[in-house]
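[1] Pasting the sequence and the predicted model now:
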Amino acid sequence: MKATLGIRGTIEYTAPEYGLGSEVSTHGDVYSYGSLLLEMMTRKKPTDLMFEGDLNLHNFARMALPNREMEIVDPILINEEVTAPNNHRMMSQARNNMKKECLISMVRIGVACSMESPQDRMSITHITSELQSHA
């Protein structure tokens, strides 16, 4: 006799395949991570009232790819300017550009991690590599 466990966790972050009876896997963890990352970047919950029909947090962010990611990033994350010591303008501009590239990368990673199909999701190794490249 096979024992089954109920899926635990918040439904918004639960991978779609779990609803179809798939076994718990790292692919599901990646999905949850991607959903959480998109929520942090956009300041929108997967249950936001704006998401109706086929529009969900993943599709909302995916529509911003490849060149409009900053349009969906939470303004609070954008508005804080990074200043360099002694207000050195070129260093400040470079740091703000790095910050922008980091935010864009995080949106892209969130989308890649929250793909509906487990096979289409970014691997944990690739996620780590991408995050470290912007550190």
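    Thanks, I have the structure now.
[2] Scan the chain for its longest helix.
    Secondary structure assigned by DSSP state H gives helix 89-113 as the longest helix of the chain.
[3] Correct me if wrong: Ser32 contacts Pro16.
    No. Using CB atoms under 8 Å, Ser32 is not in contact with Pro16; the gap is 11.4 Å. All C-beta spots, glycine's among them, are computed from the backbone N, C-alpha and C.
[4] The two: which has the busier surroundings?
    Shown here are Ser32 and Pro16; by other CB atoms under 10 Å, Ser32 has more neighbours (17 against 14).
[5] On the pLDDT front, check the more buried one for me.
    The predicted structure scores Ser32 at 93 on the pLDDT scale.
[6] where does the chain dip in pLDDT?
    Counting by pLDDT under 70, the chain shows low-confidence ranges at 1-11, 19-22, 80-91, 135.
[7] what residue is smack in the middle of it?
    With distances taken as CA atoms, centre = their mean, Gly110 lies nearest the centre of the chain, 2.2 Å away.
[8] Tell me the spacing between that residue and Ser133.
    Taken as CB to CB, to the nearest Å, the spacing of Gly110 relative to Ser133 amounts to 16 Å.
[9] same question, Met70
    Using CB to CB, which is the criterion applied here, Met70 is 19 Å from Ser133.
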